[in-house]
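Visitor: Build the 3D model from these lines:
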Amino acid sequence: MASSFNVNTRTEDGYAVIQTDGYLNGPTAEKLAETAKDLMSQGYNTFVINLERTRLVNSIGISILIEIIELLDEHGGALHFCHLTPVIERTFKMMGLTQHAEIHPDEETATTNL
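Guide: Numbers count the residues shown, from 1 in each chain. You can find the predicted model right below:
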């Protein structure tokens, strides 16, 4: 079964919004990491990752999200997530991601709290 994964970005004054669409696993999370690195090279270090269209994140996807958090920490940046399913939110809490990144119910709340 082939799955597709898309990453769309939008930049605003001082931050970038990254919208994922599809299963976040090893190869797709690498695509997300490359997008984040590209945005960082353009001077963005505050991200909102909108997972509204992502229903599953596996352990490799989580480890790559941790790598993104570490990169942002090194550059004084911040990561915010929004539109998480209850399962993804619980997983992020169990894995400790919420100690280093904020979770918001929606994109508007996330961007308001940057």
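
Visitor: can you pull out the strands in this protein?
Guide: Assigned by DSSP state E, the strands in the chain fall at 6-12, 15-21, 46-53, 78-82, 102-104.

Visitor: mind listing what Glu30 touches?
Guide: By Cβ atoms under 8 Å, 6 or more residues apart in numbering, the contact set of Glu30 is Ile64. For glycine as for every other residue, the C-beta is placed from the backbone atoms N, C-alpha and C.

Visitor: With His104 as the reference, measure out to it.
Guide: Note on Glu30: its distance to His104, by Cβ to Cβ, to the nearest Å, is 25 Å.

Visitor: any weak-confidence spans in the chain?
Guide: By pLDDT under 70, the low-scoring segments of the chain are 1-3.

Visitor: In it, mark out all the helices, start to finish.
Guide: 26-41, 59-74, 86-94, 107-112 (DSSP state H).

Visitor: OK, contacts around the nearest residue to Leu24 once chain neighbours are set aside?
Guide: Nearest in space to Leu24, with sequence neighbours left out and distances taken as Cβ to Cβ, 6 or more residues apart in numbering, is Gly61 at 3.9 Å. Residues near Gly61 by Cβ under 8 Å, 6+ apart: 24-26, 28-29.

Visitor: Is it possible to mark the buried ones in the residues you listed?
Guide: 24-25, 28-29 (16 or more other Cβ atoms under 10 Å).

Visitor: ok, of those residues, which one's closest to Glu89?
Guide: Proximity of those to Glu89 (Cβ to Cβ) peaks at Leu24, which lies at 13.8 Å.

Visitor: what separates the closest one from Gly14, distance-wise?
Guide: Distance, Leu24 to Gly14, by Cβ to Cβ: 25 Å.

Visitor: try Lys31
Guide: Distance of Lys31 to Gly14, given as Cβ to Cβ: 24 Å.

Visitor: For these two, indicate the residue with more neighbours.
Guide: A side-by-side neighbour count of Lys31 and Gly14, using other Cβ atoms under 10 Å, places Lys31 first with 16 against 10.
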